[in-house]
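> give me coordinates for this.
(3 chains)
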Amino acid sequence: MRDTYIFLGVLLLFAAVNIGLVANGTLAADWTGLGIIVAAGMTLALYSFLYKDNPLFKFAEHVFVGVAAAYVFGQTWYPTLYGELIAEWTDPGEGETPNWWLLAPTVLGLLMLTRFSLRFGWLSRYAFAFFVGLAAGWTIPRYISSFILAQIEPTLQPLTWSLEGLNLLVVLVGVIGVLVYFFFSVEHTGTAGHISKVGIWFLMISFGASFGYTIMARISLLIGRVTFLLDDWLHLM
Amino acid sequence: MIFLSRTLPLVIAFAFGMLGVIGYYVPHGDAQSLEREMALWMRIVFAFSYLLGLYSLLNLHWQRIRQRVAGWAYSLIAILSFAVMMVFVVYNDGLGPFTAQAEAGGYKWLFDNIQVSCASTMFSILAFFIASAAYRTFRARTPEAAVLLIAAVIVMLGRVPIGRELSDFFPIATDWLLNVPNLAAKRGILLGVSLGAIATSLRIIFGIERSYLGGGAE
Amino acid sequence: MMHKLLAIDRRIIFALVFLSVAGPLLAGISLPITPTNEVKAAYDQFEKLDAGDIVLVSFSYGASTQPEMLPMSRAMLRHAFRRDLKVVAICLWPEAPGLAQQVLEEMTAEFDLEYGVDYAFMGYKPGNFSVILNMGQDFHSAFPQDQWGAETGDLDLTRGLRSLRDFDLVLDLAAGDSIEFWWIPYGQEKYGFTFVAGCTAVMAPDLYPFLDSGQLGGLLGGLAGAAEYETLIDRRGSASTGMSAQSMAHLVIVVFVLMGNIAYFAVRRTSSEQRS
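Numbers count the residues shown, from 1 in each chain, chains lettered A, B, ... in the order given. Coordinates of the predicted model:
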């Protein structure tokens, strides 16, 4: 019962604030103004989760899911499914012949959609085999070149008696330590155990840095939303 | 039937996998044209995968409505929101679905005011929970945990202006932590991940790894 | 006392976090911002370009990270247009077109740009790394039309573009793994273009190996990176304004961590004393 009163109170307050903002001209009485009110409402509805899980939060969450799914459909339909396939065959442009080769990936794409059929689901395997096989083939040479060779080269530089040389040595030790730590074919005892222990220390520093940056990222998002509420909606900044 | 449902997909994966590898090493014009065509095909197939995801999402909510499971009304809201947005996406500011996408219109209004605000708010909620979790669980129980904690605190202070105001130590230490030990650990992880990805790719091409075929009797 | 401190209602923590962000924003506190080497390197890559050079900007982020990514998108595009560089914008995330459109409209208003000559907006193509591979082989094959349906061959800016080699710089604004797992292996590795990135703070530590190897020519990490870039181009924006709130929130969380540890060890010590 208490929560119902809180819910109604917040709703009334939100309505009163918006009426006030529109009445004194802070928010325009048009689609732009309404957009800001809707965005503020959705933002506050989602933040209500901080008090406790509630219907308002769930409502906003599900509205978001529906809208996002349809938007993504639009971004797939207009430039690719229509723009590159349907338009290519129905309206290829003056003096141009349609590219019928595009039927092949279209058929593969349509086969993918049989995945949920009990009877024809096996047909989707052709699409996945093409997709996964080709991606695997592309991966091998590029990962060797971009990640393995390109990353080993700066690690194995001549060491010098300088701060840079010392840092280079630390990097080398760290890389070896981490690689040994993730190499599970050898039991981590004796020398391998000591080296993998060094790897753990490097990983801990790295995870610490990542944790610090993760906090930074989340706070940045919060700043964005609070700025929206205080500035765009309430015009307090 | 076994040939069509199991062997042929493995043959396709092998053929296209080899095509992918060879295309990289053969600089001949035809090989490059083939790679271009394959990339185009991949893009098209990828586009259809969104439809698969969309069907999966809508079907999930539809089943929840049909079976009247707890909270089914929210699934109805998701489907209704989808339908409303779809109307605007298809209407396309009066241009209809068989042309390029319009620059403005109802779909853009819903995107700007609902999708953008909801998505960023959802993720920003984590700021509160991460702060609460840091207070309750981020403990220096072991030497390793202490190192993690100290590194996190240094980076948190070293990457914002107040850290420099407190002491020059924070930005300098942050710089070193990121460029030396962090770099070493990330490089080690990257090398491990790459070797793993290459091994998995080889297993896929040679038909050892078959999980992508999915379940089923055949 | 210490037990009570450990069992504090989480909503009090939430309120303090909110106040640490809202307070400095309302008070309008401003702190000096010093650019880091990674951000300076990104800035320098733009400075090296000549007027008329073409920059490919890839919007690889979605709505969920918009508060982090929008300020850096604005700052970097502003820098590009200020230097009379030409910009070709593409999207590799399905939510990105709406976000990219907003920034480009802002820039058009600010710099009086002509569409198709000063910039072009090619929109979104599904396919992640395969789009990059496709662009590398044939830009027109990957983007036969722009976002609004105009033929790529009909726009002055994009008519002559054949491959990724034709770009003087590639900038990826990313919230996922597109920098290291799409652009570097499928684009930069083969075509060798100058590559600069802006990313969410979560991703930034993962990219240091690429800065070290030279595969990445500069990096902006999160809102702090954007604020540093705003400082370099001498134009304060929303990122710089947000840095006081960012600082205060970090300080509050560090205090939480320290308090939590002090309380934890005090309780543990008391418990072990009572046991013995």
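
> return the distance of the residue in chain B positioned nearest to chain C relative to residue A:95.
Taking C-beta to the nearest C-beta, chain C has its nearest neighbour within chain B at residue B:100, 2.7 Å off. Every residue, glycine included, has its C-beta placed from N, CA and C. Look at residue B:100 and residue A:95: by C-beta to C-beta, to the nearest Å, they are 21 Å apart.

> go ahead and report the secondary structure state at residue B:128.
helix (DSSP: H, G, I helix; E, B strand; the rest coil).

> can the top helix by length along chain B be said to contact chain C?
Across chain B, the longest stretch assigned as helix under DSSP state H is helix B:29-66. Yes. Under the criterion of C-beta under 8 Å from any C-beta of the partner chain, helix B:29-66 makes contact with chain C via B:32-33, B:35-36, B:39-40, B:42-43, B:46-47, B:49-50.

> once you drop chain neighbours, what's closest to the residue of chain B found nearest chain A?
Chain A sits closest to residue B:20 of chain B, with a gap of 2.1 Å, by C-beta to the nearest C-beta. In space, and not counting its chain neighbours, residue B:20 is closest to residue A:137: 2.1 Å by C-beta to C-beta, 6 or more residues apart in numbering or on different chains.

> quick check: what element follows the lowest-mean-pLDDT helix or strand in chain B along the chain?
The weakest-scoring helix or strand in chain B, judged by mean pLDDT, DSSP states H and E, is helix B:2 (a mean of 85). Using DSSP states H and E, the helix or strand that directly follows helix B:2 along the chain is helix B:8-25.

> next, the buried residues of the strand or helix carrying residue B:202.
Per DSSP H and E, residue B:202 falls inside helix B:181-205. Under the neighbour-count criterion of 16 or more other C-beta atoms under 10 Å in any protein chain shown, helix B:181-205 has B:181-191, B:194-195, B:197-198, B:200-202, B:204-205 buried.

> now do residue A:228 against chain B, distance only.
For residue A:228, the distance to chain B equals 7 Å [C-beta to the nearest C-beta, to the nearest Å].

> correct me, but that residue touches residue A:35?
No. Counting by C-beta atoms under 8 Å, residue A:35 is not a contact partner of residue A:228; they are 11.6 Å apart.

> taking the stretch 101-250 of chain C, what residue is nearest to chain B?
Closest point on the stretch 101-250 of chain C to chain B, by C-beta to the nearest C-beta, is residue C:149, at 2.7 Å.

> which residues touch that residue?
Residue C:149 sits next to A:83, B:99-101 when contact means C-beta atoms under 8 Å, 6 or more residues apart in numbering or on different chains.

> let me know the pLDDT of the one residue in chain A that gets nearest to chain B.
Nearest residue of chain A to chain B, counting by C-beta to the nearest C-beta: residue A:137, 2.1 Å away. According to the prediction, residue A:137 has pLDDT 97.

> tell me the angle of the host helix or strand of it relative to helix B:29-66?
In this assignment (DSSP H and E), residue A:137 forms part of helix A:124-143. Angle, helix A:124-143 to helix B:29-66, by axes from the mean of the first three to the mean of the last three C-alpha atoms, to 10 degrees: 130 degrees.

> if I look at the residue nearest to residue A:115 when sequence neighbours are not counted, how far off is residue A:235?
Leaving aside its sequence neighbours, residue A:115 sits nearest to residue A:124 (C-beta to C-beta, 6+ apart; 4.1 Å). Taking C-beta to C-beta as the measure, residue A:124 falls 53 Å from residue A:235.

> between those two, which is the more surrounded one?
Shown here are residue A:124 and residue A:235; by other C-beta atoms under 10 Å in any protein chain shown, residue A:124 has more neighbours (22 against 11).

> so what's the spatially most distant residue from the centre of chain A up against?
Most distant residue from the mean C-alpha position of chain A: residue A:161, 43.4 Å away (C-alpha atoms, centre = their mean). Listed by C-beta under 8 Å, 6+ apart, residue A:161 has no contact partners.

> just say helix, strand or coil for it.
Here residue A:161 is recorded as coil under three-state DSSP.

> would you say the residue of the stretch 101-250 of chain C closest to chain B is within a strand?
No. Counting by three-state DSSP, residue C:149 is not part of a strand but coil.

> now do it, the pLDDT please.
pLDDT, residue C:149: 92.

> ok, it to residue C:28 distance?
45 Å.

> average pLDDT for the helix or strand that contains residue C:122?
Using DSSP H and E, residue C:122 sits within strand C:119-124. Strand C:119-124 comes out with an average pLDDT of 97.

> which secondary structure elements does the next helix or strand after it contact?
Using DSSP H and E, the helix or strand that follows strand C:119-124 towards the C-terminus is helix C:129-137. Helix C:129-137 sits against helix B:29-66, helix C:139-142, with contacts defined as 3 or more C-beta pairs under 8 Å, 6 or more residues apart in numbering or on different chains; DSSP states H and E.

> now the angle between helix B:29-66 and the helix or strand just after the first one, please.
Tracing the chain past helix B:29-66, the next element assigned as helix or strand by DSSP H and E is helix B:72-91. Between helix B:72-91 and helix B:29-66, the angle comes out at 140 degrees (the same axes, to 10 degrees).

> what's helix B:72-91 packed up against?
Helix B:72-91 packs on helix A:55-76, helix B:29-66, helix B:106-110, going by 3+ C-beta pairs under 8 Å, 6+ apart.

> what about the helix holding residue B:202, average pLDDT?
Averaged over helix B:181-205, pLDDT sits at 97.

> let me know whether it sits next to chain A.
Yes. For a cut-off given as C-beta under 8 Å from any C-beta, helix B:181-205 has contacts with chain A, namely B:181-195, B:197-198, B:200-202, B:204-205.

> those residues: which ones sit near chain C?
Answer for the residues of helix B:181-205 next to chain A near chain C (C-beta under 8 Å from any C-beta): B:182-183, B:186-187, B:190.

> list the contacts for residue B:162?
C:31, C:247-248, C:250-251.

> typo on my end, residue C:106
Residue C:106 is in contact with residue C:74, counting by C-beta under 8 Å, 6+ apart.

> quick one, domains of chain C?
In terms of domains, chain C is parsed into C:2-28+C:244-275, C:37-236 (source: automatic domain parsing).

> and among these, the most buried is which?
Mean neighbour counts were compared across the domains of chain C using mean count of other C-beta atoms under 10 Å in any protein chain shown; the top stretch is domain C:37-236, at a mean of 22.

> how far does that domain sit from the chain's center?
Chain-centre distance of domain C:37-236: 10 Å, with C-alpha atoms, centre = their mean, to the nearest Å.

> okay, how far is it across it, tip to tip?
End-to-end distance of domain C:37-236 (C-alpha to C-alpha, to the nearest Å): 19 Å.

> now the residue farthest from the centre of chain A: phi and psi?
The phi and psi values for residue A:161, taken as degrees, to the nearest 10, are phi -80, psi 70.

> same question for residue C:90.
phi -130, psi 160.

> so what's it bridging to?
Legend: beta-bridge partners of residue C:90 under DSSP bridges are residue C:58.

> name the helices or strands packed onto the strand holding residue C:122?
Strand C:119-124 packs on strand C:86-91, helix C:96-111, helix C:156-159, going by 3+ C-beta pairs under 8 Å, 6+ apart.

> out of the ones you listed, nearest to residue B:133?
The closest of these to residue B:133 is helix C:96-111. By C-beta to C-beta, the value is 29.4 Å.

> tell me the mean pLDDT for the closest one?
Mean pLDDT, helix C:96-111: 96.

> this completes my enquiry, with thanks.
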